[in-house]
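Q: here is my input, please return the structure:
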Amino acid sequence: MTDRSIDADKRAAQAEIQDRITGKRNAALCAATLDWIDRSEPVVETEARLARLARQVRRDLA
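A: Numbers count the residues shown, from 1 in each chain. As a prediction, this is how the structure comes out:
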């Protein structure tokens, strides 16, 4: 493989990883939002729960 093809493969792999991370974050936030809509909890509680969820997602992806 040439240096260019190796670099291209690295960039493609990095893009795929970033897409997966973004997808996991979006899926987690969507699930939390749908759960909130179902339970109709107060907004303040939802914001706190979403913040906890975001911290958990960051830990899981680290």
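
Q: for the rest of this, base every contact and every neighbour count on C-alpha atoms.
A: Fine.

Q: now the residue positioned nearest the centre of the chain: closest residue in space, sequence neighbours ignored.
A: Centroid-nearest residue in the chain, with C-alpha atoms, centre = their mean: residue 25, separated by 1.5 Å. Sequence neighbours aside, residue 57 is the residue nearest to residue 25 in space, at 6.5 Å (criterion: C-alpha to C-alpha, 6 or more residues apart in numbering).

Q: quick check: longest helix of the protein.
A: helix 3-39 (DSSP state H).

Q: same for the helix or strand following that helix, what does it pack against?
A: Per DSSP states H and E, the first helix or strand lying C-terminal to helix 3-39 is helix 43-61. If you count contacts as 3 or more C-alpha pairs under 8 Å, 6 or more residues apart in numbering; DSSP states H and E, helix 43-61 packs onto helix 3-39.

Q: buried residues of the helix it packs on, list them for me.
A: Neighbour counts over helix 3-39 (16 or more other C-alpha atoms under 10 Å) mark 21, 24, 25, 28, 29, 32, 33, 36 as buried.

Q: need the pLDDT of residue 35.
A: Note on residue 35: pLDDT of 70.

Q: so how far is residue 50 from it?
A: Counting by C-alpha to C-alpha, to the nearest Å, the gap from residue 35 to residue 50 is 11 Å.

Q: list the contacts for residue 53?
A: Residue 53 is in contact with 28, 29, 32, counting by C-alpha atoms under 8 Å, 6 or more residues apart in numbering.

Q: give me the neighbour count for the residue nearest to the second one when sequence neighbours are not counted.
A: By that I understand residue 29. Closest residue to residue 29 apart from its sequence neighbours, by C-alpha to C-alpha, 6+ apart: residue 50 at 7.1 Å. Residue 50 sits with 17 neighbouring residues when counted by other C-alpha atoms under 10 Å.
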